[in-house]
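K.L.:
Let me see the structure of the following:
(3 chains)
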Amino acid sequence: MLNSIKITLFCIFALSLSACSHVQPWEKGNLAKKEMAWEPDAMQATVDAQAYASKESSRGGYGSAGGGCGCN
Amino acid sequence: MSKKLLKSLNIAALALPAIASQASTIVDSVELGVRYTKYQEDSMSAADVSTGSLDRYDIDVMQFSFVAPLTDNIQLNLHYQEEDLSGASPWFTTKNADGEVVEVMSGATIEENRKDVIAQLTYAGSNFSVSGLVGISRENDYEANSFGTAVSYELPGKLTTIALAGDISFDKINPTPYEASNGTNTRVTDEEKESWSLHLSTSHVVNKSLIAQVGVGAINREGYLSDPYKLVNVPGTGLSGDSRPDTRFATTASGRIRYFIDSIDSAIHFDYRYYNDDWGINSHTFDIAEYFNIGYGFQLVPSLRYYTQSEAFFYENYYEQQRADGYYATDSRLSSFGAITLGLKVNWQTEHWFWTAGYQRYTSKNSYSLFDYSAESLSLVSFSMFTVGVDYKF
Amino acid sequence: MPIKLYRYQFSAMGSPCTLRFYHANEIQARGIYQSAVDEVKRLEDKYSRYLDSSLLSQINKNAGTQKTAIDAETASLLVYAEQAYQISDGLFDITTGVLRKVWDFKAAKIPSQQKIDNQLSLVDWSLVEWDQKSILLPQKGMEIDFGGIVKEYAADAVATLLKRFDIKHGVIDLGGDIHVIGPDIDGKSWQIGIRDPNYKKSKDKNPSKNLNKASAYIPMSSGGLASSGDYERNFIVNGKKYSHILNPKTGWPALGLSAVSIWSEQTIIAGTIATISMLKQDQGIAWLKELEIPFFAMDNKDKLYKS
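P.N.:
Model prediction:
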C-alpha cells in the first residue's frame, strides 16, 4: 500500500518535471537558431549591401567585398 | 553563480564533435529561394534642379537562389539576380541666374538591365571549410567577371573560428555613347577596372547565447574609377568628364555580435564597420536589429542603421578654382554626409517554408554627418525599399 | 509510402538500447538505424574500459610510463570532464573508477579504511597531465573512465545523426540515457518511463526484468533525460545502503539521495548533473535548485523533491 502511494507520488512529480522542461528555455542551443546567423537572409543582405554601396562611398567590411557591378 | 558554472559545462558540451552545432557544414536538403525587391528613390526637389527630370531611379530586383548538398561534404550555391532600372540621375552642377548651385539631371530616362550569376562550391570537413566562387555580371555598358575563395578553420575546442576570404574582379566599362552637338562621342570607351579584396575574421562562441566576430579587410581598386555618366564644370575649361584617381586602396575593421535573450525570445544583432581609404573617405556604420519571436512561427524584425562618412579630398559641390591634380567630382556620394535607415520585417517560418516581407526607409543628409562638410550637396538621395520573398526547404 | 514508426532494439555499452523514430521509407529507416548503431559502437570501441583495444584502455595501460596521443574528440571529452570537475569542486572526477577495485559490490563487504586510503592515492584528476594532443596519467595504477559521460554523449551523438537525416520525431534510449527529438507524430509528448528506485529493492528476484519495468512516465518532446541512483548496484550492511556512486575525496559511497533524474537540452549534461547531485549528498537538492535545472529526486528516506 505504502509503495503504491509512493509510486503515485513519483508519477505526479514526474509530470510536473516535464511541465518545467517546457518553460526552461534558457538552456537551449540558441546559437543554432536561424536568427543567430551572421546573415539570416543572404539574398536580402546582398540587395541591402548593393543598395548601400551604390549610394555610399564604403563597401566590404564583413567578408569579401564581392564582385563588381556598374551600380556605383 | 551556479548557473554560470552550468553554462561553462554547456559550452564544453557544445564543443563535442558529435553535438557541436553544424553551423559551417553542409545543408541537409535542397533549398530554393526567391526575393522581389522594389527600390524607389525619392524625386529631386524642383528648387535644386535646373533642367531635366526630377525622377530618380526605380529598380525592380528579382533574385533566385538554389542551395543543394552534392555529397555529405560538398555544397553548391547558385544565385541569379536580374535588375531593371529606370529613371534619371544627377549629371552635373551649375549655377543659376541667382548664383545658386543647382543640379542638372541626365536628360532622357535611362533604361537599364543587369543580370548577375554567382556559383559557389563549398567543401566542409570536420573542422574546416573551403569554398570557391565565380560571378558574372552583365549590363549593356558594364561587365564584371569575378572569382572568390574562402577558407575557415575551427580551432580545437570548436569555439573559435578563423576565416580568410579573398576575391578578384575584372570589369569592362563601355558607357552608352553621348553625342555632343559637334557629333563626336564625349564619353570614354573600352575602359577597364580591376579590383581585389581580402578579409580576415575570427569569431568566438562566448557562451550558448552570445557569439562575436571581429574582422579586418583590405580592398584595392585600379583602372577607370570615375563615373562615365557625370560631368563637372571646371573653371576655365567648361564641362569636362568626372575625373578621379585611378587607384583606390581601402582598409576596413569590423565587429559583430549576435546575442540571444531568452526572457524575450529574441536575438539582437549588432554590427559595426570602420572604413578608410586613400581618397580621404572615413566612415562608420552601425547596424542594430532585433529578431523578436512572437509565436506561431512569426518573427518581427525592427532594424536601425546609421552611416556616416567624410568627404573625398577632391570633392566639391561646385568648383570655383582649378585643381592642380586634375581630379574633379561633384558626385554627392563623395561628400560628407550621414544616413539613417529604419527597417521593419516580418518573417514566418514553418517546417518547410520561410516567408518574409520587409520595408526599409533610407534618408541621407549632410547634416547627419559626424564629419565636417563644406556645402550642402544637392543630390543626396533618400529611398524606400520593399522586399517580399519565400524559401522552400525540401 | 506513409510515414511509420520504426522501433529497433540492440545491445551496446553493456545496456539494452532502443531506437524509435518515424520515417516514410522502411529501407532508409533501416539504414539510418544501422548508422546509429555504428556510431554507438564506434564510441564503445573507443572509450570502453572493458575492451583492451580501446583508446581508453591504452591511456590507462600507459599510466606512469608514457603519454598517449589523443584525437580532437577525446580532447573535447577531457575538456568536458575538466569542466565537470570544476563545477563540482572536484566531486565529478574521471579518475574515481579505481575505487571500484576495493568496493566489491558482489561480495557486499565494506573494505578496510587502509585499503580505501591506498586506492585514494590514485584518485586525483588535477594530477593528470593532458593537452589537446596527449594525456599522461602520472602514476602507475591510475585510471580514467568515461562512465557517466560517454553513454550519454552517445545518445546526443545519435540524436545529431538522426536530425541530420531529417528525422523530426524520435526517441533514443541507451540503457536509460534518453534523448528525444521532437514530439510524437500527433504532436503529443512521448511517455518516457523511468524506474522507481524502490522497485528493485522490493522484488530482487529477477533484476534483468526489473530493469525494464517503468514505474513512472515523463512526457518529453525534446532534449535529454538522464538518471542516477543507488538502485543500480548497491549492498546493505546493518540497514545502511552502500551504492556504487563513490566519492573521490573520501573513497566512500555517496549517501543522501537514492535517485535523481535530470532534464537538459543535452543528455550528457543531464547525466553529469545527475551524478554530481548524487555525490553532493545532503546538499544535492539545494544545489539542483540553485542551478534552476528541471529535476526530480528521491532521498534515502523516500522523500520526493522536484524543481
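
K.L.:
going forward, measure contacts between C-alpha atoms and count neighbours the same way
P.N.:
Will do.

K.L.:
quick one: low-confidence ranges for chain C?
P.N.:
C:1, C:195-216, C:232 (pLDDT under 70).

K.L.:
domains of it?
P.N.:
C:4-43+C:148-306, C:55-136 (automatic domain parsing).

K.L.:
Tell me which residues are up against stretch B:327-336.
P.N.:
A:55-57, B:92-93, B:230-232, B:234, B:242-245, B:281, B:308-312, B:314-318, B:366, B:369, B:371-373, B:377-380 (Cα atoms under 8 Å, 6 or more residues apart in numbering or on different chains).

K.L.:
filter these to the buried ones?
P.N.:
With burial judged by 16 or more other Cα atoms under 10 Å in any protein chain shown, the buried subset of the contacts of stretch B:327-336 is A:55-57, B:92-93, B:230-232, B:234, B:242-245, B:281, B:308-312, B:314-318, B:366, B:369, B:371, B:373, B:377-380.

K.L.:
Cross the residues you listed against helices and list the overlap.
P.N.:
Using DSSP state H, residue A:55 are the members of these that sit in helices.

K.L.:
Chain B contacts on the stretch 201-307 of chain C?
P.N.:
The stretch 201-307 of chain C comes close to chain B at residues C:266, C:268, C:269, C:287, C:290, C:291, C:292, as judged by Cα under 8 Å from any Cα of the partner chain.

K.L.:
Hmm, the first one is touching residue C:181, no?
P.N.:
No: with contact taken as Cα atoms under 8 Å, residue C:266 and residue C:181 are classed as non-touching, separated by 11.1 Å.

K.L.:
Let's see if you can find the most crowded of the residues of the stretch 201-307 of chain C next to chain B.
P.N.:
residue C:268 (31 neighbours; other Cα atoms under 10 Å in any protein chain shown).

K.L.:
As a markdown table, the domains of chain C with distance to residue B:360 would be great.
P.N.:
Below are the domains of chain C laid out as a markdown table (distance: least, Cα to Cα, whole Å):
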| stretch | distance to residue B:360 |
| --- | --- |
| domain C:4-43+C:148-306 | 35 |
| domain C:55-136 | 44 |
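
K.L.:
Mean neighbour count, those: which tops it?
P.N.:
The highest mean neighbour count among the domains of chain C, using mean count of other Cα atoms under 10 Å in any protein chain shown, belongs to domain C:4-43+C:148-306: a mean of 20.

K.L.:
now the most centrally placed residue in chain B: how far from chain C?
P.N.:
The C-alpha lying nearest the average C-alpha coordinate of chain B belongs to residue B:285 (Cα atoms, centre = their mean; 11.5 Å). Remark: distance between residue B:285 and chain C (Cα to the nearest Cα, to the nearest Å) = 37 Å.

K.L.:
low-confidence ranges in chain B?
P.N.:
In chain B, residues with pLDDT under 70: B:1-3, B:20-25, B:107-108, B:156-158, B:179-186, B:208.

K.L.:
still on that earlier bit, any common contacting residues for residue C:266 and residue C:181?
P.N.:
Residues touching both residue C:266 and residue C:181 by Cα under 8 Å, 6+ apart: residue C:223.

K.L.:
can you give me the helices in the stretch 1-150 of chain C?
P.N.:
All helices of the stretch 1-150 of chain C, identified by DSSP state H, counting those that start in this stretch, fall at C:26-47, C:55-61, C:72-87, C:113-120, C:150-164.

K.L.:
Could you export these as CSV, including distance to chain A?
P.N.:
Formatted as CSV, the helices of the stretch 1-150 of chain C follow (distance: least, Cα to the nearest Cα, whole Å):
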stretch, distance to chain A
helix C:26-47, 22
helix C:55-61, 29
helix C:72-87, 16
helix C:113-120, 35
helix C:150-164, 12
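
K.L.:
doesn't residue C:187 fall inside a helix?
P.N.:
No: counting by DSSP: H, G, I helix; E, B strand; the rest coil, residue C:187 is not found in a helix; it is coil.

K.L.:
By residue count, tell me the biggest strand in chain B.
P.N.:
strand B:191-207 (DSSP state E).

K.L.:
Would you mind pulling the contact partners of stretch B:278-286?
P.N.:
Counting by Cα under 8 Å, 6+ apart, A:57-58, B:248-250, B:270-276, B:305-314, B:334 sit against stretch B:278-286.

K.L.:
one step back: what does the longest strand of chain B contact?
P.N.:
Residues contacting strand B:191-207 (Cα under 8 Å, 6+ apart): A:61-65, B:7-8, B:11, B:159-174, B:211-225.

K.L.:
buried ones in whichever helix or strand comes after it?
P.N.:
Helices and strands here follow DSSP states H and E; after strand B:191-207, the next one along the chain is strand B:210-223. In terms of neighbour count (16+ other Cα under 10 Å), strand B:210-223 has its buried residues at B:210-221, B:223.

K.L.:
would you turn the residues you listed into a markdown table with distance to residue C:172?
P.N.:
Listed next are the buried residues of strand B:210-223 as a markdown table, based on distance: Cα to Cα, whole Å:
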| residue | distance to residue C:172 |
| --- | --- |
| B:210 | 29 |
| B:211 | 30 |
| B:212 | 34 |
| B:213 | 36 |
| B:214 | 39 |
| B:215 | 41 |
| B:216 | 44 |
| B:217 | 46 |
| B:218 | 49 |
| B:219 | 51 |
| B:220 | 54 |
| B:221 | 56 |
| B:223 | 62 |
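
K.L.:
now, among these, which is nearest to residue C:280?
P.N.:
residue B:210 (30.7 Å; Cα to Cα).

K.L.:
The closest one - nearest residue in space that isn't next to it in sequence?
P.N.:
Spatial nearest neighbour of residue B:210, excluding adjacent residues (Cα to Cα, 6 or more residues apart in numbering or on different chains): residue B:259 at 4.5 Å.

K.L.:
Help me confirm that that neighbour comes into contact with residue B:288.
P.N.:
No: look at residue B:259 against residue B:288 with Cα under 8 Å: they stay out of range, at 11.4 Å.

K.L.:
Looking at those two, which has the bigger crowd around it?
P.N.:
residue B:259 (23 against 16).

K.L.:
Check the gap between the more buried one and chain C for me.
P.N.:
From residue B:259 to chain C the distance is 19 Å (Cα to the nearest Cα).

K.L.:
Helix, strand, or coil at the nearest residue to residue A:58 once chain neighbours are set aside?
P.N.:
Nearest residue to residue A:58, sequence neighbours excluded (Cα to Cα, 6+ apart): residue B:275, at 6.4 Å. Under three-state DSSP, residue B:275 falls in the strand class.

K.L.:
Can you report how many residues neighbour the closest residue to residue B:86 other than its chain neighbours?
P.N.:
Sequence neighbours aside, residue B:111 is the residue nearest to residue B:86 in space, at 4.6 Å (criterion: Cα to Cα, 6+ apart). For residue B:111, the neighbour count with other Cα under 10 Å is 13.

K.L.:
ditto for residue B:71
P.N.:
Residue B:71 - counted by other Cα under 10 Å - has 11 other residues nearby.

K.L.:
Check whether it sits in a helix, strand or coil.
P.N.:
From three-state DSSP, the assignment for residue B:71 is coil.

K.L.:
what are the bridge partners for residue C:192, then?
P.N.:
Beta-bridge partners for residue C:192, by DSSP bridges, are residue C:218.

K.L.:
OK, contacts around it?
P.N.:
C:217, C:218, C:219, C:220.

K.L.:
so where does the residue nearest to residue B:210 fall, helix or strand?
P.N.:
Applying DSSP H and E, one finds residue B:259 within strand B:247-261.

K.L.:
Can you list the buried residues in that strand?
P.N.:
B:247-260.
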